[in-house]
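In: build me a model:
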Amino acid sequence: MSKEYVERKRVLFFGLPWTFTKYTIKEELITVNTGFFSTKENDCYMYKVQDVELSVSLWERIFRMGTIICYTGDTTNPKLYIEHVKNAKEIKDFILEVSEEARMKRRTMNTLNINADVDLDGNGIPDRFEN
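Out: Numbering: from 1, shown residues only. Presented below is the predicted three-dimensional model:
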């Protein structure tokens, strides 16, 4: 049974869904739809999600909401914000679990560039690599 969350970004005051941003979170994909007259749709595959953070301000806590920040390997959204949504903790846990399963299924691995200086030619001077 596949699970899916569809949430709307809410106005921070009273937590009412008066915005035109809709988040759809599925097992394979996160989709963000924004706009009313001019719309934009942005997708991020779950296997690209590297880490997930939950941020809950005082106002969000009062109105039982939260903001989920997904750190991704996606070029359009390296930091994907899912702002002011209900069930934020549950959604964050779902994204964390499903993204790990997606990476295992695709056999992908996350690596970090720590800018280590490496001496490849053995001359005692660290070699620099330019991107």
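In: number of residues surrounding residue 85?
Out: 23 (other CB atoms under 10 Å). Just so you know, the C-beta spots here come from the backbone N, C-alpha and C atoms, and that holds for glycine as well.
In: actually, residue 104.
Out: Using other CB under 10 Å, residue 104 has 10 other residues around it.
In: ok, and the closest non-adjacent residue to residue 24?
Out: Counting by CB to CB, 6 or more residues apart in numbering, the nearest residue to residue 24 once its immediate chain neighbours are dropped is residue 31, at 4.4 Å.
In: do residue 86 as well
Out: Closest to residue 86 by CB to CB, 6+ apart is residue 65, at 5.9 Å.
In: before we move on, what's the pLDDT of the residue lying closest to residue 106 once chain neighbours are set aside?
Out: Excluding its sequence neighbours, the residue lying closest to residue 106 (CB to CB, 6+ apart) is residue 47, at 4.9 Å. The per-residue pLDDT reported for residue 47 equals 93.
In: relative to residue 103, how far out is residue 47?
Out: 5 Å (CB to CB, to the nearest Å).
In: of those two, give the one with the bigger neighbour count.
Out: Neighbour count, other CB under 10 Å: between residue 47 and residue 103, residue 47 has more, with 22 against 17.
In: which parts of the protein are strands?
Out: Applying DSSP state E to the chain gives strands spanning 5-8, 22-25, 29-34, 40-45, 49-55, 66-72, 79-85.
In: longest helix anywhere in the protein?
Out: helix 88-106 (DSSP state H).
In: which stretches of the chain have low pLDDT?
Out: By pLDDT under 70, the weakly predicted segments of the chain are 1, 109-120, 124, 126-131.
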